[in-house]
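K.L.:
sequence plus predicted model, see below.
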Amino acid sequence: MSANYTEFHPRWYRPRMSVFWWVGRRSYLVFVLRELSSVFVAWSVVFLLLLVHALSQGGAAYQRFLNLSSNPWMLALNVVALAFVVFHAITWFNLAPQAMVVRLRGKRVPRSVIAGAHYTGWALLSALAAWLILG
Amino acid sequence: MADHIILQVTRYRPERESEPTTQEYEIPLHEEWAVLDGLNHVKDQLDGTLSYRWSCRMGICGSCGMTVNGEPRLTCATFLTDYRPGPIRIEPLRNFPVIRDLVVEIGDFMRKLPEVKPWLIRDEDAAALEGELLQTPAEMDDYKRYSMCINCMLCYSACPIVGLEEGFLGPAVIALAQRYNLDSRDKGADERLDVLSTAEGVWGCTFVGECTTACPKGVDPAGAIQQYKLTAATESLKSFLLPWRSP
């Protein structure tokens, strides 16, 4: 019998969580990627603010911003950022019905309708942005 | 037909070993046997020293939760034939200290649970005069699914935040707080707010969502927590904008 074991206060085994606890399970991996996607959402906001700032500084500054944006590294970063932002949006829209309880005339609105409303809103805003830029 | 299956069971005998080991048992594979029946066969026929918790065998008592092939499961509701041809790995629930073999220590949960006052709170003097407290089916629907919790701890085992943050109240405790907050007969939501709207409460949750997947009773603790975040944020905003308003 070991020294720190007594009949009434047995030694508990406390397993430690590995630093890579999120690797072995798909749902944990998706969760960690969704958390990581916030960094790219923040980058997208910074990039947009840089664009607005360059525009406000006149033609030369805007041209410098365009040159910076067409740099292959910047393009690669923004392609990755776009992928993460889309992943962020889709995963959150899919989770939204679990977090939102909407009642209409005393009845709970079905989950599919709440998720559908989010996707519809996304599509409409994207169409509006495309119309403003391309139209 | 005498079909058989292997159970790989985690053993931990603190008087003998400092780390858990695995022991294999070959048991008969019957169509109607749950994993718990397999463990009972081991205990009765093969090795009486195996320790594990169980009671009702019908998904009500919540005591036979274990990790079966890596998933938190009620062993009375998990059938051996679904794991054919085996082997089946049976470990104690994760995120809890292990006392012995498959028995975990749940004292931490038992200490956290009363912090959120999971009972109907009313003015006691008035309660005697009120008599029966009537409730419509719609009012009951608001909280009913949260009242189905059997404290089986599968959600604690599934939640990585429980494993990483020792102080986190955890899914079942918060869902049970919501069970009373959403009850039309309860007046205690303000008393629970101070415990729930903290970094150890709802704000500790990062919405992994695995608690809801693991729950054998359809309680949806993840939904309860996210919905309460909205309530807590609204209350904080109200007390910021209207500081003179009593909570």
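P.N.:
Ah, there it is. On a predicted model such as this, the values are computed, not experimentally measured, just so you know.

K.L.:
for chain B, which element, helix or strand, carries the lowest mean pLDDT?
P.N.:
Least confident helix or strand of chain B, by mean pLDDT, DSSP states H and E, is helix B:124-130 with a mean of 70.

K.L.:
where does the prediction get shaky in chain B?
P.N.:
B:1-2, B:125, B:127-128, B:245-247 (pLDDT under 70).

K.L.:
B:D101: what's it in contact with?
P.N.:
B:9-13, B:50-52, B:92 (CB atoms under 8 Å, 6 or more residues apart in numbering or on different chains). For glycine as for every other residue, the C-beta is placed from the backbone atoms N, C-alpha and C.

K.L.:
how about it, nearest residue that isn't a chain neighbour?
P.N.:
B:S51 (4.1 Å; CB to CB, 6 or more residues apart in numbering or on different chains).

K.L.:
on the three-state scheme, that neighbour is what?
P.N.:
Secondary structure for B:S51, judged by DSSP: H, G, I helix; E, B strand; the rest coil, is coil.

K.L.:
nearest residue to A:L75 other than its sequence neighbours?
P.N.:
Looking at A:L75 with CB to CB, 6+ apart, the closest residue is A:S69, at 7.5 Å.

K.L.:
separation between that neighbour and chain B?
P.N.:
33 Å (CB to the nearest CB, to the nearest Å).

K.L.:
cool, and A:N67?
P.N.:
Relative to chain B, and taking CB to the nearest CB, A:N67 is found at 39 Å.

K.L.:
contact partners for that residue?
P.N.:
With CB under 8 Å, 6+ apart, A:N67 has no contacts at all.

K.L.:
how about B:T67, secondary structure?
P.N.:
strand.

K.L.:
nearest spatial neighbour of the residue most central in space within chain A, skipping sequence neighbours?
P.N.:
Among the residues of chain A, A:H88 comes closest to the average C-alpha position under CA atoms, centre = their mean, at 2.8 Å. Once flanking residues are discounted, A:H88 sits nearest to A:S37: 3.9 Å by CB to CB, 6+ apart.

K.L.:
for B:G167, same thing?
P.N.:
Per CB to CB, 6+ apart, closest to B:G167 is B:E200, 4.2 Å.

K.L.:
A:A115 now?
P.N.:
That would be A:P97: by CB to CB, 6+ apart, it lies 5.2 Å from A:A115.

K.L.:
test my guess that B:I106 contacts B:F96.
P.N.:
Yes - using CB atoms under 8 Å, B:I106 makes contact with B:F96 at a distance of 6.4 Å.

K.L.:
the two: which has the busier surroundings?
P.N.:
Set B:I106 next to B:F96 and count neighbours by other CB atoms under 10 Å in any protein chain shown: B:F96 wins out with 24 against 19.

K.L.:
give me the distance between that one and chain A.
P.N.:
9 Å.

K.L.:
thinking again about what came up before, what's around the residue nearest to B:G167, how many residues?
P.N.:
So B:E200, with other CB under 10 Å, has 16 neighbours.

K.L.:
same check on B:G218?
P.N.:
Each residue near B:G218 was counted by other CB under 10 Å, and the total is 8.

K.L.:
tell me the domain ranges of chain B?
P.N.:
B:4-104, B:107-241 (automatic domain parsing).

K.L.:
what about the last one, start to end distance?
P.N.:
End-to-end span of domain B:107-241 (CA to CA, to the nearest Å): 40 Å.

K.L.:
how about the strands in chain B?
P.N.:
B:4-11, B:21-28, B:65-68, B:71-74, B:88-91, B:98-100, B:103-104 (DSSP state E).

K.L.:
so what's B:E17 up against?
P.N.:
Neighbours of B:E17 in contact, by CB under 8 Å, 6+ apart: B:R11.

K.L.:
what helix or strand is the residue nearest to the centre of chain A on?
P.N.:
Element membership for A:H88, per DSSP states H and E: helix A:72-99.

K.L.:
re the thing from before, closest one to A:A129 among the domains of chain B?
P.N.:
Across the domains of chain B, A:A129 has its closest neighbour in domain B:107-241 (27.9 Å, CB to CB).

K.L.:
helices along chain A, start to end?
P.N.:
For chain A, helices defined by DSSP state H occupy the ranges A:26-56, A:59-69, A:72-99, A:111-134.

K.L.:
okay, the angle between the shortest one and helix A:26-56?
P.N.:
This points to helix A:59-69. 150 degrees (axes from the mean of the first three to the mean of the last three CA atoms, to 10 degrees).

K.L.:
residues of helix A:59-69 that come out buried?
P.N.:
For helix A:59-69, burial by neighbour count (16 or more other CB atoms under 10 Å in any protein chain shown) applies to A:F65.

K.L.:
got the angle for it vs helix A:72-99?
P.N.:
Using the same axes, to 10 degrees, helix A:59-69 lies at 80 degrees relative to helix A:72-99.
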